[in-house]
Structures are given as C-alpha cells and as structure tokens.
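give me a 3D structure for the following:
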Amino acid sequence: MLEGDDAEAAVAEASRRTTSRHELSRRQNFTEISPELGQLDESAFDELLSVDPDEALALLADMNAATDERLRSLARRLAGRIMVDLARQGLAGHRSVGRLARRPLDRSQGDLDLDASLDELVAARRGRRAPDPSALVAATWERPETAVCLLVDRSGSMHGARLATATLAAAAVALRAPSACSVVAFAHDAIVVGPQGVQRDPEALVGDLLRLRGFGVTDVSLALRAAAAQLERSSAPRRLTVLLSDCRSTSGGDPVPAASALDELAIIAPEGDSDDARVLADAVGARFATVGGPTSIIEALGSALAI
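Now for the predicted structure:
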C-alpha cells in the first residue's frame, strides 16, 4: 500500500502516460469541444453535458490524459468543478435515513419535544418564569457516523466512462463524509489518494484520480486489505468499504478471505461487465449494484450508504 510521499510519486509517475490528440480525435464530439490545439470550448461541453451527460463526462475524463498540456490543464480544472457540482446536486436528493435522538434544547438545533418537555413547561407556567432551556428537550434526526473507504479500480480497463464514474464517486464520498472517508486506487498496487481521517479538497481528489491512468493488472485482494487498514484508523460505529470494480482479479490471491474480514462491503460494478463482481458479492454476502454510466453512480452510492 502506497501512502504519503510514495503515493504522490506514484500519481506523478502515472500521469506521464498521455493520449495524443490524434487518438482523442477519434472520439465523437472531441473536435467540437477542442477545435484547436490547446483549446477547450466550455460552451460546447455544457451543450453536450445537457444532451448526453455520460458521454460528456467520459470524454472529459479522457481529455485529462491529453498529451496537449494546455488542453490537459483546462480539462483538469473543468473536471474538478463539474464532478464536485454534480456530486453535490446528486447527494442533495439522497439523504441517508437517520434516527430520532433527544437532546437538551440548549445543546441542540432540533425542534422542541412537547411531550418530553411538558413537566418543565408546566412548572415554569405555574412559577410565572421562563422555562429553563437545559430542562427542555429537543428532538432531532441524527445520522450515525459512517467511515467509508472507496476502492477505485485503476487497471487497464479504467478509462472514459469508467474513469468518470470513479471520479464522480470519489467526489460524492468526499462530500458525504469529509473527515471520515478514504479513497484508494488499485491495480497491481494500492495507492492511497485520500487517507482515512484526512480531509481533502474534493476537486483536488478528483484531479489526482484523473492523473492515475488505467494501467496494469487487478489485485482485488490487495485492495480489500488496504481498505481494512484504512478503516482500522476510524472509531466510527459503522465502517463501510465500497468497491468500484468489475472484480476480475488478474493478480494476487483469492479476494474472498479479505472481503469476508471487512465489517461491511458494497460492490458496484459496470453494467454488462459484472459477472465476477456478482460472484464475489454472493460469496461474502456483500451489497451489490451495477451502474450504466457516470451519472448513475450517485444513486448506487446512496443505496450503499443508506442506514
């Protein structure tokens, strides 16, 4: 598991692999969004985003690997903003179910619980005094703290739509649990892009993931062990690992023992390429879902994070 300076070095090394403009020009809509060397037409991108958001996000992810340094820089800034904005909008409609808690009114932002506060209200009225806030009770919905480790598959199959899906998922997790999440990108190694308990700017997190081009074999067992190590640092009552991968292990050992050792596991696989992921989920009793494109990841994450 690579962390700290080693992780930064790995990200820098991975970002050296780039995609030529000639290769990018084979993508539909590329020349409309980047008509000339070093150009990115945000108006054209916004139009594509409104018509076909999954295609727009996939293309934007691929442009982050452009050999054209100016285009790569523009795409990275745009991707950070777009991914975080989309994640924030999506999360607004997917609040986790909480539980009702009662706290003293003077230490809570909840609503007054009339039944629980009745004795003090009656006593205050009889004594012709103001109620004591510390003796009043507020009822509020609280969401139990959840520590999340997001595992992002960065093997050779991760580019375009899959890479965009992963970065949008990372932005959502960073916004949902800013001080209780970790993000690990894995292939033959496991790179800790966001350590557990270290709050990272979501846009910077997105930028680092986009620099990790799809490359290498897939060691799912290593990734799961890395998640366990990250979540071990948390004292949250719920510790959830979200594995975003087709789970086609091409290196390392059997992932079942490592998956079984986790407190809770949710596997989210690409639609149409999910057979291995479903087998692993069934073997360990993990929650399972598929996503058809980048924009569907928020719904899948909402289900995984629900209490």
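
number of nearby residues for the closest residue to A289 other than its chain neighbours?
Nearest residue to A289 in three dimensions, chain neighbours excluded: A300, at 4.4 Å (C-beta to C-beta, 6 or more residues apart in numbering). Every C-beta, even on glycine, is put in place using the N, C-alpha and C of the backbone. For A300, the count of nearby residues is 23 (other C-beta atoms under 10 Å).

I figured D132 was touching L121, is that so?
No. Taking C-beta atoms under 8 Å as the definition, D132 is not a contact partner of L121, at 10.2 Å.

all helices for the chain, in order.
Read by DSSP state H, the chain holds these helices, from start to end of the chain: 5-14, 21-24, 30-33, 42-51, 53-63, 69-92, 114-126, 160-176, 202-211, 220-231, 256-260, 275-284, 297-305.

tell me what the fifth one is packed against?
What that stands for is helix 53-63. For helix 53-63, the helices and strands in contact under the criterion 3 or more C-beta pairs under 8 Å, 6 or more residues apart in numbering; DSSP states H and E are helix 30-33, helix 42-51, helix 69-92, helix 160-176.

do the same with the fourth one
For helix 42-51, the contact count by 3+ C-beta pairs under 8 Å, 6+ apart identifies helix 30-33, helix 53-63, helix 69-92 as packing neighbours.

buried ones in it, by neighbour count?
Of the residues in helix 42-51, those with enough neighbours to count as buried (16 or more other C-beta atoms under 10 Å) are 44-45, 48-49.

can you check the fifth one too?
Of the residues in helix 53-63, those scored as buried under the neighbour-count criterion (16+ other C-beta under 10 Å) are 53-63.

redo these as CSV? Include distance to G253 and pLDDT.
CSV is the format used below for those (distance: C-beta to C-beta, whole Å; pLDDT from 0 to 100):
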residue, distance to G253, pLDDT
P53, 38, 96
D54, 35, 96
E55, 37, 96
A56, 39, 97
L57, 34, 96
A58, 32, 95
L59, 37, 96
L60, 36, 96
A61, 31, 95
D62, 33, 94
M63, 37, 96
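
and the nearest residue to R162 once chain neighbours are set aside, what does it touch?
Spatially, and ignoring its direct neighbours in sequence, R162 is nearest to P270 (6.1 Å; C-beta to C-beta, 6+ apart). Counting by C-beta atoms under 8 Å, 6 or more residues apart in numbering, P270 makes contact with 162, 165, 246, 290-291.

just the helices and strands packed on helix 53-63: most buried one?
helix 160-176 (a mean of 26; mean count of other C-beta atoms under 10 Å).

now that one: mean pLDDT?
Per-residue pLDDT values across helix 160-176 average out to 93.

what's the answer for stretch 242-253, then?
Here the mean pLDDT over stretch 242-253 is 92, rounded to a whole number.

and the gap between E299 and T165?
Remark: distance between E299 and T165 (C-beta to C-beta, to the nearest Å) = 12 Å.

as TSV, the helices and strands packed on helix 53-63 with distance to L150 would be great.
Listed next are the helices and strands packed on helix 53-63 as TSV, based on distance: least, C-beta to C-beta, whole Å:
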stretch	distance to L150
helix 30-33	28
helix 42-51	24
helix 69-92	12
helix 160-176	5
